[in-house]
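*Asks:* Just a sequence and a predicted model for now, questions to come.
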Amino acid sequence: MDFTGKKLFLAPLAGISDTVFRRMCKEHGADVVVSEMVSAEGLHYGSAATAALLHFDKTERPFGVQLFGARPDHLGRAAEYVEKTVAPDFIDLNAGCPVPKVVRKNGGASLLRDILLFSDMVGALVKSVSVPVTVKIRSGWEMHSWVDVEFALAAQACGAAAVILHPRSKTMGFSGHSYWDRIAIVKKALTVPLIGNGDILSEQDAARMFDTTGCDSIMIGRGALGNPWIFSRIKDLIAGRPVHAPDASERVQTACEHLRRHKEIYGEKKTVAEMKKQASWYMKGLPQAALMRTAIFGARTSAEIEAALLRLLPEK
Ligand SMILES: Cc1cc2nc3c(=O)[nH]c(=O)nc-3n(C[C@H](O)[C@H](O)[C@H](O)COP(=O)(O)O)c2cc1C
């Protein structure tokens, strides 16, 4: 797996980046996709719900599985299990999640307060699997007390094949803005590839991140919600082609396709719950979006969600 070459990664998004969403992004130009974060403890204790997050389709390759946890031994065994069952192209360690239930157990961004544990975790992964290991970090725990260079170098020294950097602190959550200058600084310090992440919401943002940071590849999260075209748009811009912008009818049709595929895999009940938010993201920015959202959130079945979407299509 090559992490260089200005590749476009879809970010891990808990509760969102399932196989259907990942495939929509892939079909619209994402080069690499990653599972949402998967609990190493959940896999260690045989949770069926956790194992279900490992559902990948072969068309998603190359893909990564992201693990989180705080015990190197359990992490190593979980990674062995993942390698055996889904043979991902790489395994990523989550060292950036700020959510209290993850941090309280010393996982996610909490690892950024303990470089020895962090190094043990990376080392355990590298020792347990033969696929490349990557590490996704934030720039630190506290704003402006940046530890990204130190942790990225530690990951590299422990055998990580690449580092992914979201340059916010844990305490910032998703507020303010990401500090792209940190990406440039970490890039200069590393010999392994660096994947830049944070606040890429348009093709112009993507080009600016490449130009101003020198990162090897980029990762996109929120900018892809209801907007898988962000990947093809970035590729259009970089290649100097006219940028394809989907019209209302393409957005509706894509949302409906997403909904149908979701129902096929996850069934009616989950689809109604999940597709309300996904469908309203697809409609974001359209003049009728507010009205549409009311209809979508009032829907009781997936057919009603689809009907609400289709009402947006121009009359033939
Ligand atoms: C709803 C949501 C879920 C997320 N889940 C994960 C996750 O499971 N693992 C992870 O490393 N980061 C997770 N993140 C962080 C993103 O992967 C990404 O680092 C962050 O959103 C910044 O990138 P963006 O500005 O392109 O969204 C999540 C972010 C959001 C908004």
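*Replies:* On my side now, so go ahead.
*Asks:* CA only for contacts and neighbour counts going forward, please
*Replies:* Fine.
*Asks:* List, one by one, the residues from this protein near the ligand.
*Replies:* 11-14, 36-37, 94, 96-97, 166, 197-200, 220-223 (CA under 6 Å from any ligand atom).
*Asks:* Can you flag the buried ones in the residues you listed?
*Replies:* Buried by 16 or more other CA atoms under 10 Å: 11-13, 36-37, 94, 96-97, 166, 197-200, 220-221, 223, out of the residues of the chain next to the ligand.
*Asks:* can you tell me which of those residues are in strands?
*Replies:* Asn94, His166, Asn197, Ile220 (DSSP state E).
*Asks:* can you point me to the longest helix in this protein?
*Replies:* helix 248-283 (DSSP state H).
*Asks:* Now that helix: buried residues?
*Replies:* 248, 251-256, 258-263, 268, 271-272, 274-283.
*Asks:* Can you dump the C-alpha atoms of stretch 301-316 in CSV for me?
*Replies:* Taking C-alpha atoms only, stretch 301-316 is exported to CSV below (Å, rounded to 0.1, in the frame of the first residue of the first chain):
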residue,chain,number,x,y,z
THR,A,301,-40.6,4.3,6.1
SER,A,302,-37.7,4.3,3.7
ALA,A,303,-40.3,4.6,0.9
GLU,A,304,-41.6,7.8,2.4
ILE,A,305,-38.0,9.2,2.5
GLU,A,306,-37.5,8.2,-1.1
ALA,A,307,-40.9,9.8,-2.1
ALA,A,308,-39.9,13.0,-0.3
LEU,A,309,-36.6,13.1,-2.2
LEU,A,310,-38.2,12.4,-5.6
ARG,A,311,-40.6,15.3,-5.1
LEU,A,312,-37.6,17.4,-5.8
LEU,A,313,-37.0,16.1,-9.3
PRO,A,314,-38.1,18.4,-12.0
GLU,A,315,-41.4,17.5,-13.7
LYS,A,316,-40.9,15.6,-17.0
